[in-house]
Structure formats: C-alpha cells, structure tokens
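Generate a structure from the sequence data that follows.
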Amino acid sequence: MTNSARFLFSFPSSQDAEVVAQSLTPEIRHKIPKSQVSFSVDKKTLTLVIEAEDMSSLRASVNSYLRWIQTALAVRQIV
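Numbers count the residues shown, from 1 in each chain. Presented below is the predicted three-dimensional model:
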C-alpha cells in the first residue's frame, strides 16, 4: 500500500477516546476494499492510520472514517 493518511484526535477524556474507538471497531472488522485501517488509543489520544492501494480508495476510506468519528461524537454529546 503506497498511499496513507494518519490522524491524531485529542479528546477531553480517555473515556471519550475509548468510546469513539469502540464505535470504530465494527467498521474496521468490516473491511473497505483496497484499504487497510488501524487505530490505537493512548490516554486521551486516538490515532487512526489508513493505507490504500490508490488515492481514490484512500479518499473514500478517509471520508468514511471521519464521518463515523463525527457521528460517534455527536451521539456521545446526546448521551
């Protein structure tokens, strides 16, 4: 995989980071074609790494994961 993107998200608490990470777990298990995704949580920081075979696959994966993170944060604020 030659194309990659790395995102670092800082949260107000380690619990918020864990909640978002847990919400991404099913999506990572359900793989996006031509892409590999991994994440890790260290205290209040979530690191998301996306690698893809081509730029269009990378863009699609980035858009999907950023949207899922945004949705998880919106739900977290409601709950």
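
those strands in the chain, which residues are they?
3-10, 35-42, 45-52 (DSSP state E).

is it true that Leu73 touches Val20?
Yes: between Leu73 and Val20 there is a contact at 6.7 Å, judged by CB atoms under 8 Å. For the C-beta atoms, the positions are set from N, CA and C on the backbone; glycine is no exception.

Of the strands of the chain, which stretch is the most buried?
Burial of those is given as mean neighbour count (mean count of other CB atoms under 10 Å); strand 45-52 ranks first at a mean of 19.

so what's Thr45 up against?
Taking CB atoms under 8 Å, 6 or more residues apart in numbering as the contact definition, Thr45 lies against 8-11, 17.

Can you give me the distance of it to Ile69?
According to CB to CB, to the nearest Å, Thr45 and Ile69 sit 13 Å apart.

got the strands of the chain as TSV, with mean pLDDT and distance to Ser61 columns?
Listed next are the strands of the chain as TSV, based on pLDDT from 0 to 100; distance: least, CB to CB, whole Å:
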stretch	mean pLDDT	distance to Ser61
strand 3-10	96	8
strand 35-42	93	4
strand 45-52	96	5
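
Could you save those strands as a markdown table and add columns showing distance to Arg59?
A markdown table is the format used below for these (distance: least, CB to CB, whole Å):
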| stretch | distance to Arg59 |
| --- | --- |
| strand 3-10 | 9 |
| strand 35-42 | 10 |
| strand 45-52 | 8 |
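
Among the ones you listed, which comes closest to Glu27?
Comparison of those against Glu27 by CB to CB identifies strand 35-42 as nearest, at 7.9 Å.

which helix is the longest one in this structure?
The longest helix of the chain (DSSP state H) is helix 55-78.
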